[in-house]
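[1] Predicted model and sequence below, questions to follow.
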Amino acid sequence: MFGLSKLFSGKPAEKEPLLDALAAYRSSAFAIGIEAQWVKEITINTDKSFKVKLELPFAGKGELAQIEEFVSNKLSTSVSIDAEVSLPNQCCFKQIKQIVLVASGKGGVGKSTTAVNLASALEQEGAKVGILDADIYGPSIPLLLGLQGAEPKTLDNKNLLPFEAHNLKAQSIGFLVPSDDATVWRGPMASGALNQLMNETDWGELDYLIVDMPPGTGDIQLTMSQKVPASGAVIITTPQDLALADAQKGIAMFNKVNIPVLGLIENMSYFLCGHCGEPNHVFGKDGAVKLAHRHGVPVLANIPLAIEIRESSEQGQVISRDNAASISATYKNAARVLASSLHYQQTQNSSVEILITED
């Protein structure tokens with residue numbers, strides 16, 4: 001990496017405070033600040049304000065406004081920041097750079113809804129994202145994305161084309177089996193079906209593929225975890241003791257197959273009273289926090305029990321895309337922390353050059 005004196009020859013005093021301010025920024029996603037190698041271009045305007053172009057190695061564009069405010073206050077001048085997301089060019093499967101398994105120890109905890117909203121949030125943070133519905137016995141991604149009745153297509157009679165909705169690429173066994181038919185398959189057949197969906201779909205280039213896993217921790221889930229080259233896993237739970245006990249089993253399963261658990265998301269965490277506005281912890285409190293502390297992983301989000309989530313899901317809409325909904329910001333923050341966790345887990349430093357221009 002070029003030294004700062006070489007990059008900033010001429011007016012180093014004007015640039016170094018900016019880099020220092022960027023490096024000092026902290027949040028859940030940007031745990032060690034904005035690194036110098038992410039800065040691609042600096043423009044100094046005639047009024048001594050700055051225009052900065054970043055290249056982020058993980059999905060995190062949604063935090064630019066906070067970064068701008070922090071750096072502007074730090075320097076007492078206006079700082080405008082733009083960014084592109086460009087993950088390191090290392091793919092774990094075909095042209096897919098990161099694969100994240102979204103799992104739960106039991107059904108009924110909102111796993112699929114969370115998977116869809118997490119995938120959409122990553123896309124809104126600047127990434128190319130796909131979602132694979134690996135819940136062979138209860139595929140719900142077609143419903144959640146408003147794609148019921150869509151028929152599979154292929155260009156070469158070999159590979160399936162993924163479906164596209166809400167800027168996401170999607171594939172599901174639900175597109176291949178009639179929705180009113182039961183999928184009565186034994187474990188090896190179900191695992192084989194997932195393998196086909198994964199390998200015979202033309203995903204193209206993706207930064208992240210979210211895999212909605214079947215609930216539980218049996219043979220099928222274990223086989224799928226071993227076959228999918230995953231970068232990490234997210235566990236979905238509710239605050240109930242029963243759900244937490246099953247979530248613990250999910251963590252144990254991923255530990256056995258050496259897949260890092262990137263964090264927990266607590267669904268139905270609380271209910272906001274329509275009269276007083278106070279949170280009501282219907283199913284218990286702080287269950288995910290205690291489990292996360294036990295395993296040294298973060299709680300990525302606490303999702304409330306909200307009618308808006310249910311209504312959006314049933315209409316094939318994705319509530320994380322609705323900026324007017326307060327829950328949208330929660331999903332996006334979870335997506336940023338997830339993406340940054342993957343980056344810091346696999347980070348590799350490389351030499352880059354910062355382009356500096358004068359207005």
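    Right, received. Where do you want to start? Residues are numbered from 1 along each chain as shown.
[2] what about the chain, any weak spots by pLDDT?
    Flagging of the chain using pLDDT under 70 yields the residue ranges 1-13, 178-188, 190, 348-359.
[3] Kindly recompute the last result at 50.
    Residues of the chain that meet the criterion pLDDT under 50 lie in 1-10, 182, 349-355, 357-359.
[4] how close does V337 sit to T46?
    38 Å (Cβ to Cβ, to the nearest Å). To be clear about C-beta, it is placed using only N, CA and C from the backbone, and glycine gets the same treatment.
[5] who has more neighbours, those two?
    V337 (23 against 7; other Cβ atoms under 10 Å).
[6] That one contacts T330, correct?
    No - V337 lies out of contact with T330 (Cβ atoms under 8 Å); the separation is 11.0 Å.
[7] Just the C-alphas of stretch 313-331, formatted as CSV.
    Coordinates of the C-alpha atoms in stretch 313-331 are reproduced here as CSV (Å, rounded to 0.1, in the frame of the first residue of the first chain):
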residue,chain,number,x,y,z
SER,A,313,-45.4,-10.9,3.6
GLU,A,314,-48.8,-12.1,2.7
GLN,A,315,-49.0,-9.5,-0.1
GLY,A,316,-45.7,-10.5,-1.6
GLN,A,317,-44.1,-7.3,-0.5
VAL,A,318,-40.8,-6.9,1.4
ILE,A,319,-41.2,-4.6,4.4
SER,A,320,-37.4,-3.9,4.6
ARG,A,321,-37.9,-2.0,1.3
ASP,A,322,-40.5,0.3,2.8
ASN,A,323,-38.4,3.2,4.2
ALA,A,324,-41.5,4.6,5.9
ALA,A,325,-41.7,1.5,8.1
SER,A,326,-39.5,1.8,11.3
ILE,A,327,-38.7,-1.9,11.1
SER,A,328,-37.0,-1.3,7.7
ALA,A,329,-34.0,0.4,9.4
THR,A,330,-33.7,-2.6,11.8
TYR,A,331,-33.3,-5.1,9.0
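[8] So what touches it?
    113, 116-118, 120-121, 124, 143-148, 165-166, 301-304, 306, 308-309, 312, 332 (Cβ atoms under 8 Å, 6 or more residues apart in numbering).
[9] Please point out which parts of stretch 310-320 sit buried.
    Of all the residues in stretch 310-320, those buried under the rule 16 or more other Cβ atoms under 10 Å are 312-313, 317-320.
[10] Pull the most distant pair out of those residues.
    Greatest spacing in the buried residues of stretch 310-320, by Cβ to Cβ: S313 and S320 (11.1 Å).
[11] measure the residue nearest to H281 when sequence neighbours are not counted to G277 for me?
    Leaving out its chain neighbours, the residue that sits closest to H281 by Cβ to Cβ, 6 or more residues apart in numbering is Y270, at 5.1 Å. The gap separating Y270 from G277 is 12 Å, by Cβ to Cβ.
[12] cool, A339 as well?
    In terms of Cβ to Cβ, A339 sits 32 Å off from G277.
[13] Kindly report the same for T114.
    If you go by Cβ to Cβ, the gap between T114 and G277 works out to 24 Å.
[14] With L56 instead?
    Taking Cβ to Cβ, one finds L56 at 36 Å from G277.
[15] Equivalent analysis for A23, please.
    Counting by Cβ to Cβ - A23 and G277 are separated by 39 Å.
[16] more neighbours, the two?
    Between A23 and G277, counting by other Cβ under 10 Å, A23 is the more crowded of the two (15 against 7).
[17] give me the element the more buried one is part of.
    Here A23 sits within helix 12-24, counting by DSSP states H and E.
[18] Likewise for Q248?
    Per DSSP H and E: Q248 is located in helix 241-256.
[19] which one of the buried residues of stretch 310-320 is nearest L222?
    Nearest member of the buried residues of stretch 310-320 to L222, counting by Cβ to Cβ, is S313, at 28.4 Å.
[20] which of the residues in stretch 17-34 are buried?
    By neighbour count on 16+ other Cβ under 10 Å, the buried set for stretch 17-34 is 18-19, 21-22, 25, 27, 29-30, 33-34.
[21] what's the burial count for the residue nearest to Q248 when sequence neighbours are not counted?
    Closest residue to Q248 apart from its sequence neighbours, by Cβ to Cβ, 6+ apart: L291 at 6.5 Å. Neighbour count for L291, taken as other Cβ under 10 Å: 22.
[22] Check the one 3 residues further on too.
    Applying other Cβ under 10 Å, we find 10 other residues in the vicinity of R294.
[23] ok, now D219?
    Neighbour count of D219, defined by other Cβ under 10 Å: 13.
[24] now swap in the one 4 residues further on and tell me
    Residues near T223, counting by other Cβ under 10 Å, number 18.
[25] got it, and the one 3 residues further on?
    Using other Cβ under 10 Å, the number of residues around Q226 comes to 14.
[26] Please identify which helix or strand holds it.
    helix 219-227.
[27] contacting residues around that helix?
    Under the criterion Cβ under 8 Å, 6+ apart, residues 101, 103, 134, 136, 187, 190-191, 194-195, 198, 213-214, 233, 253-254, 256-257, 259 lie in contact with helix 219-227.
[28] so how far is it off the chain centroid?
    22 Å (Cα atoms, centre = their mean, to the nearest Å).
[29] what's the angle from the next helix or strand after it to helix 219-227?
    Counting by DSSP H and E, the next helix or strand C-terminal to helix 219-227 is strand 232-237. Orientation check (axes from the mean of the first three to the mean of the last three Cα atoms, to 10 degrees): strand 232-237 against helix 219-227 gives 150 degrees.
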